[in-house]
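*Asks:* Sequence and predicted structure are below.
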Amino acid sequence: MIIINKSGYLKYRDFKFKCALGKSGIGKKKIEGDNITPKGVFRIVKIYYRKDRLKELSSKLRLIKVTKNMGWCDDPNSKNYNQLINLPSKYSHEKLFKKNNIYDLIIVLNYNMKPIIKNKGSAIFIHVAKNNYQPTQGCIALKKNDLLKLLSKISKNIKININ
């Protein structure tokens, strides 16, 4: 099990990595945009990566290449809320193919997925941290090297406990 705690560390076996959390910390997510990293136990549903930026990846999990037309819908008015979408889209979304490197590697957690509840929050990812571990909008972010190390060690049925 991967454990992420409010002090800003991710622990897995003998590894302990500093990580960034949502601006509002860990807690009960109430609404889209509240900047909270949701408390709970989650699973990994997908892993996306930038092939042009990450040449050699070691993983026991299936990896999906990010393309320029990929986005993640964060608009509760869309029938595709909290899902991967093709761009362009008239609904609010996150582009997965970014100029900065934060989405070079994206581990998608199963937060608010079965069923998807409108406005409960979308896109809880483990992704690459910005400089100085700037807080996220609710995701978990690690240094790229730490994220790559973690990816090489985990298996499909791993659980992520955010507390």
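*Replies:* Sure, I can see it.
*Asks:* would you list every one of the strands in the protein?
*Replies:* Assigned strands in the chain, in chain order: 2-5, 9-12, 15-18, 26-27, 37-38, 40-49, 64-65, 70-73, 84-86, 93-95, 105-109, 125-128, 140-142, 159-162 (criterion: DSSP state E).
*Asks:* Just the buried residues of the last one, please?
*Replies:* Judged by neighbour count (16 or more other CB atoms under 10 Å), strand 159-162 contains these buried residues: 160, 162. (Glycine included, C-beta is placed from N, CA and C.)
*Asks:* likewise the third one?
*Replies:* Under the neighbour-count criterion of 16+ other CB under 10 Å, strand 15-18 has F17 buried.
*Asks:* and of the strands of the chain, who's closest to L148?
*Replies:* Nearest to L148 among the strands of the chain is strand 105-109 (7.0 Å), distances taken as CB to CB.
*Asks:* Please name the strands paired to that closest one in the sheet, noting orientation.
*Replies:* strand 40-49 (antiparallel), strand 125-128 (antiparallel) (DSSP bridges).
*Asks:* pLDDT (mean, whole number) over the longest one?
*Replies:* Looking at strand 40-49 alone, the average pLDDT works out to 97.
*Asks:* Once you drop chain neighbours, what's closest to the residue positioned nearest the centre of the chain?
*Replies:* The centroid of the chain falls nearest to F125 when counting by CA atoms, centre = their mean (0.8 Å). Distance criterion CB to CB, 6 or more residues apart in numbering; nearest residue to F125, sequence neighbours excluded, is C139 at 4.5 Å.
*Asks:* Model confidence for the one you found, exactly?
*Replies:* Looking at C139, the pLDDT reads 98.
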